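# Sequence plus predicted model, see below.
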Amino acid sequence: MCKGLASLPTCCLERAKELKARLGSVLQKSSWNLHCCCKIGKNKPTLEECLRWKESFEKLLSSKYGLCAFTAFLVSEFSEENIAFYFACEEYRSTKSPAKLQAKAHKIYDEFIGSEAPREINIDHETRDITKANMQTPSPCSFDIAQHRIYMLMAKDCYPRFLRSPAYRDLLSQPNVSDKATKQPRQEKKV
């Protein structure tokens with residue numbers, strides 16, 4: 001997040017918002033496809049799988065293609081740091097070596113939470129302070145509160161916007177989305 005935005009004139013902020021909106025719409029063009037964020041080859045998610053993403057945020061994240069599509073959406077919204085932080089925390093939590101744990105903790109903190117973090121996430125001051133205190137003696141749960149806040153932010157804000165996005169709607173209507181599960185075998189005509 002930029003520091004000192006409040007000191008900028010309102011017209012500059014309005015112009016920046018306008019540019020962000022224009023860039024976002026360019027990135028969400030109707031020709032958007034899953035190849036933009038990961039290489040998945042010729043295999044496509046089934047229509048049934050795409051529809052399952054609507055059931056819950058967890059189902060979206062647990063799908064390889066869903067995660068790919070959601071990540072591409074976050075990139076188009078300039079908020080990919082949220083999903084990157086979430087999965088960095090997941091990987092961090094699975095670290096077994098105490099020596100590696102401390103190094104990874106400081107790397108995550110410096111990249112996502114610190115005052116000059118290049119990919120700073122949007123968390124409240126209290127959560128930031130708790131996480132900073134946890135850096136004194138890193139443990140597998142050092143980022144739990146911050147990770148939960150980011151998860152909830154994505155679930156309540158980004159996820160509903162993704163489901164309403166042209167990118168998701170276009171994905172559902174693309175003829176190249178595999179709908180093998182919904183196709184019925186052709187019946188032969190009787191002669």
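Okay, I see it.

# Report the rounded mean pLDDT for the strand or helix carrying L172.
Secondary structure assigned from DSSP states H and E places L172 in helix 166-173. Per-residue pLDDT values over helix 166-173 give a mean of 88.

# Ok, stretch 85-102 next?
Per-residue confidence for stretch 85-102 averages out to 93 on the pLDDT scale.

# how about it: buried residues?
F85, Y86, A88, C89, Y92, R93, T95, L101, Q102 (16 or more other Cβ atoms under 10 Å). (Each C-beta comes from the backbone N, C-alpha and C, glycine too.)

# Surely the fifth one is in contact with A103?
No: because the distance of 10.3 Å does not satisfy Cβ atoms under 8 Å, Y92 is recorded as not touching A103.

# L47 contacts L172, correct?
Yes: contact status for L47 versus L172: in contact at 7.0 Å, counting by Cβ under 8 Å.

# who has more neighbours, these two?
Looking at L47 and L172 with other Cβ atoms under 10 Å, you find the greater number of neighbours at L47, namely 19 against 12.

# how much space between the more buried one and S63?
Using Cβ to Cβ, to the nearest Å, L47 is found at 13 Å from S63.

# and what of W53?
6 Å.

# returning to what we had before: turn the buried residues of stretch 85-102 into JSON lines, including distance to A155 and secondary structure.
Formatted as JSON lines, the buried residues of stretch 85-102 follow (distance: Cβ to Cβ, whole Å; DSSP: H, G, I helix; E, B strand; the rest coil):
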{"residue": "F85", "distance to A155": "14", "secondary structure": "helix"}
{"residue": "Y86", "distance to A155": "11", "secondary structure": "helix"}
{"residue": "A88", "distance to A155": "18", "secondary structure": "helix"}
{"residue": "C89", "distance to A155": "15", "secondary structure": "helix"}
{"residue": "Y92", "distance to A155": "20", "secondary structure": "helix"}
{"residue": "R93", "distance to A155": "19", "secondary structure": "helix"}
{"residue": "T95", "distance to A155": "25", "secondary structure": "coil"}
{"residue": "L101", "distance to A155": "27", "secondary structure": "helix"}
{"residue": "Q102", "distance to A155": "30", "secondary structure": "helix"}
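
# If we only consider the residues you listed, which is nearest to A69?
Closest approach to A69 among the buried residues of stretch 85-102 (Cβ to Cβ): Y86, at 15.7 Å.

# I figured that closest one hits H148, correct?
No: at 9.7 Å, Y86 and H148 do not qualify as touching, with contact defined as Cβ under 8 Å.
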